[in-house]
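In: Predicted model and sequence below, questions to follow.
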Amino acid sequence: MHDTLSSLVERAMLGNQRPLEYYLREQSRLPGPRANLELVNDLSDLLAVLVTEQPANVRALLNYLIQDDFQMNASNTPAEFVVLCGIVASGACAAALPAWRGQTFEMLSQRAHSTYWRVREGVAMAFQRLLPVAAPETIQCLTTLAQSGDYSQQRAAVAAIAEPPLLHTDEIVLAALAIQRIVLERLRQAPAVDRRREDFRALRQALGYTVSVVTAAAPEKGFALMRECAAWKDADVTWVIRENLKKRRLAKFVEDTEDLAKLLS
């Protein structure tokens, strides 16, 4: 598959993008429960190598791949997969080419509230491509989304930074804790009319696992945050804490989880 992809990317770089698009659609595994993320990552890696030598050609290809986001009429489709590929590859290319980062952050911030959920997932994956090589810039962008973004943008912020392989430096771990706190506080302050909205419920669902991911990386600070949240007695925040306590990654922290369960009872 990699040889086929390489040759199709080479043709696309010369202006013939349709064969690559058709290949991505055919190999997307959509509609279905799991998109072909291996292909997403292979394409992103290839373009990240090419972008420093052929930035204009790569930019043209990325624009071609993501253009359909505004024209699709259904989710979980091969067309959505093509956009997903373009979004993630944009993050990978911006990681390789610093001059692209500002524009890419702006694009990702906008696509975070796409109506298509795989595109929204692609935004989080793109940020994850940027975090290891551009942590300060990416953290600043995610923090802004957490502080002032809509519910979908907040979801992108908490999901992007709650990725176990990334939580190995103090800078990213502390930022992850801070972003979870910001968004949990905003969840608590949400008006009742908003809490029935689909984007609010998607954010709540994401927080139902992201807090435990960050807590597993920083148990003392993470459980302190969860205890503070439990004391708020907000129904949606309480649901978030209960969901995180179910996660296997916290099972070894018996004393902390038992204490939290008592606070929630």
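Out: That came through, no problem. Numbers count the residues shown, from 1 in each chain.

In: can you tell me how far Gln180 sits from Pro132?
Out: Separation of Gln180 from Pro132 (CB to CB, to the nearest Å) stands at 20 Å. Yep, even glycine has a C-beta here, placed from its N, CA and C like the rest.

In: who's more crowded, the two?
Out: Taking Gln180 and Pro132 together and counting by other CB atoms under 10 Å, Gln180 has the greater number of neighbours (26 against 14).

In: pretty sure the more buried one contacts Ala162?
Out: Yes: counting by CB atoms under 8 Å, Ala162 is a contact partner of Gln180 at 7.4 Å.

In: Find residues that contact each of the two.
Out: Shared contacts of Gln180 and Ala162, defined by CB atoms under 8 Å, 6 or more residues apart in numbering, comprise 210-211, 214.

In: List just the nearest of those to Leu250.
Out: Closest approach to Leu250 among the shared contacts of Gln180 and Ala162 (CB to CB): Val211, at 9.6 Å.

In: That closest one against Asn244, yeah?
Out: Yes: using CB under 8 Å, Val211 is in contact with Asn244, at 4.7 Å.

In: more neighbours, these two?
Out: Higher neighbour count among Val211 and Asn244: Val211, with 30 against 25, using other CB under 10 Å.

In: Next one: that one from Gln180, what distance?
Out: Distance of Val211 to Gln180, computed by CB to CB: 5 Å.

In: Name the residues contacting each of these two.
Out: Here Val211 and Gln180 have 162, 225 as joint contacts, going by CB under 8 Å, 6+ apart.

In: dump the residue contacts of Trp28.
Out: Actually, residue 28 is Ser rather than Trp. By CB under 8 Å, 6+ apart, Ser28 lies in contact with 35-36, 39, 78, 81-82.

In: repeat that with 7 Å
Out: Ser28 makes contact with 35-36, 78, 81 under the criterion CB atoms under 7 Å, 6 or more residues apart in numbering.

In: quick one: which of these has the most company?
Out: Most surrounded of the contacts of Ser28: other CB under 10 Å gives Phe81, at 27 neighbours.

In: Not including adjacent chain positions, what is the nearest residue to that one?
Out: Leaving aside its sequence neighbours, Phe81 sits nearest to Ser28 (CB to CB, 6 or more residues apart in numbering; 3.5 Å).

In: swap in Leu46?
Out: Excluding its sequence neighbours, the residue lying closest to Leu46 (CB to CB, 6+ apart) is Val9, at 5.4 Å.

In: The one you found: neighbouring residues, count only.
Out: That count, for Val9 with other CB under 10 Å as the rule, works out to 22.

In: Glu53 now?
Out: Other residues near Glu53 come to 9 when the count uses other CB under 10 Å.

In: so it, which of the three states?
Out: Classification of Glu53 using DSSP: H, G, I helix; E, B strand; the rest coil returns coil.

In: Look up how far Asp3 lies from it.
Out: From Glu53 to Asp3 the distance is 20 Å (CB to CB).
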